[in-house]
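# I would like the atomic coordinates for the input below:
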Amino acid sequence: MKIPTEPIGSIPRPLELIEAIQANAAGNLAAEALNAHFDRAVQDTIRRFEATGSPVITDGEQSKPSFATYPVSGLQQLDPDGVVVPYADGHNRQLPKLTGGPFRYQLKAVDFYKQAVKYARAPVKQAVISASALSLMYPPEGIPGYSREAFVADLLNEHEADIRSCLEAGAHHVQIDFTEARLSLKLDPSKGLLRSFIALNNQALERFSESARRRLGVHTCPGGDHDSTHSADVDYAELLPLLFDLKVKNFYLQYASEKHKRHVLQNIKKSVKPGQRVFIGVTDVLSPRVETPEEIRDLILEAAEYIAPAHLGTTDDCGFSPFADDTSTSRDIAFAKITARLEGTRLAEKALAGKKSVVEE
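So this is what the prediction gives:
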């Protein structure tokens, strides 16, 4: 029984790259020199990823300023005073606010993908930000001369193009980062906001054929930044039934750091639809402790009691460093956890194969 295993996306950036990004922002390093740092970091990340034996890799998002706002990096029509996302440890992240239209992506995911495949031998997956996350940039007071309806139409066109270009370029899977899903339930326990997010994302997904949607996935987690979260206190039972309404095949779910794992598995079993695959997170990216392969094996075997092994996969809880300034986790720990995930997944495959043989006998 083969269990597919994939990373989520980001890998902690080398310190020299973080310093180069800061120097560029301060006007002390030219863009050309910064791009050289990006390229070296991508090459090193891919080299280390492939050394683990990972069947699917990413570029580690080394060149992305942030997993959430890369499309608007450099956009002039922005006000920094947008939606605030508070984290449990007291720090905040803040989205920019759009001040004019039309809305157009400044950076596109396919460009990161093309940079990665120049150096990669293994299949590369590509993460994109959800339409629903970017929709939060439109101000509630509106924009004179640019209606919300016009913005949503532009947003859906840009989001579709971001996904489609990655598929056409050959991405193994395109993963839509939907970390605001769980947060939305904290902001609006009535689930109205979550339902609106899912409806918006499905408007984009419906533009793709059934075969294309089999290469699409959605990632959700309670946020992971500087070893803190924004919505881990929200019960998965409130999210999962609606999450699986998204019209994709693959779901990448934070799981390893959940306290009540069987409760989560019971809700996945009740909510997942035929043909959908659930990749459960088996490494806690917010903990510095590297899980043993045996611990990961046991997590997978427990999950297989609730999710048919043919529809089960493994992943990491979240990206290890979704924002460029996050230094809370080292590259060495990230790759050690990835290696443990791969080894633990192989152990689970053997154990499940053994169970099947016993049943057949």
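
# Residue 158: neighbour count?
Using other C-beta atoms under 10 Å, residue 158 has 18 neighbouring residues. C-beta here means a position set from N, CA and C on the backbone, and glycine is covered the same way.

# isn't it right next to residue 104, touching?
Yes - Residue 158 is in contact with residue 104 according to C-beta atoms under 8 Å; the separation is 6.4 Å.

# Kindly check the end-to-end length of stretch 220-237 for me.
13 Å (C-alpha to C-alpha, to the nearest Å).

# Just the buried positions in that stretch, please.
Neighbour-count burial for stretch 220-237, counted by 16 or more other C-beta atoms under 10 Å, picks out 220-226, 228-232, 234, 236.

# One more: stretch 7-21?
7-14, 17-18, 20-21.

# next one: stretch 243-261
For stretch 243-261, a neighbour-count test (16+ other C-beta under 10 Å) marks 243-244, 246-258, 261 as buried.

# which residues in the stretch 51-200 of the chain form helices?
With DSSP state H, counting those that start in this stretch, the ranges of helices along the stretch 51-200 of the chain come out as 109-117, 131-135, 148-169, 180-187, 192-205.

# do the stretch 251-361 of the chain as well
Going by DSSP H, counting those that start in this stretch, the stretch 251-361 of the chain shows helices at 261-271, 293-303, 331-360.

# helices or strands up against the longest one?
For helix 331-360, the helices and strands in contact under the criterion 3 or more C-beta pairs under 8 Å, 6 or more residues apart in numbering; DSSP states H and E are helix 31-51, helix 293-303, strand 312-315.

# Can you tell me which of the helices of the stretch 251-361 of the chain is packed in deepest?
With neighbours taken as mean count of other C-beta atoms under 10 Å, those reach their highest mean count in helix 293-303, at a mean of 19.

# From the rest of the structure, what touches that helix?
3, 255-256, 261-262, 265, 280, 282-283, 312, 314, 340-341, 343-348, 351-352 (C-beta atoms under 8 Å, 6 or more residues apart in numbering).

# one more time with 7 Å, if that's ok
For helix 293-303, the external contacting residues (C-beta atoms under 7 Å, 6 or more residues apart in numbering) are 3, 256, 261, 265, 280, 282, 312, 314, 340-341, 343-345, 347-348, 351.

# looking at the protein, which helix or strand is least sure?
Least confident helix or strand of the chain, by mean pLDDT, DSSP states H and E, is strand 84-86 with a mean of 84.

# Pull out the buried residues from it.
Neighbour-count burial for strand 84-86, with 16+ other C-beta under 10 Å as criterion, is recorded at 85-86.

# Tell me the strands beside that strand, with direction?
strand 92-94 (antiparallel) (DSSP bridges).

# State the pLDDT value of the closest residue to residue 64 other than its chain neighbours.
For residue 64, ignoring the flanking residues on the chain, the nearest one in space by C-beta to C-beta, 6 or more residues apart in numbering is residue 70 at 4.7 Å. Confidence at residue 70, expressed as pLDDT, is 94.

# Could you report the separation of residue 70 from residue 51?
Counting by C-beta to C-beta, to the nearest Å, the gap from residue 70 to residue 51 is 27 Å.

# same question, residue 259
33 Å.

# same check, this time on residue 210
Residue 210 sits 36 Å away from residue 51, going by C-beta to C-beta.

# same deal with residue 153?
Residue 153 sits 45 Å away from residue 51, going by C-beta to C-beta.

# low-confidence ranges in the stretch 151-300 of the chain?
Across the stretch 151-300 of the chain, nothing is flagged by pLDDT under 70.

# Name the residue closest to the centre of the chain, please.
In the chain, the residue lying closest to the centroid (C-alpha atoms, centre = their mean) is residue 177, at 4.2 Å.

# That residue is in contact with residue 67, isn't it?
Yes - using C-beta atoms under 7 Å, residue 177 is in contact with residue 67, at 5.6 Å.
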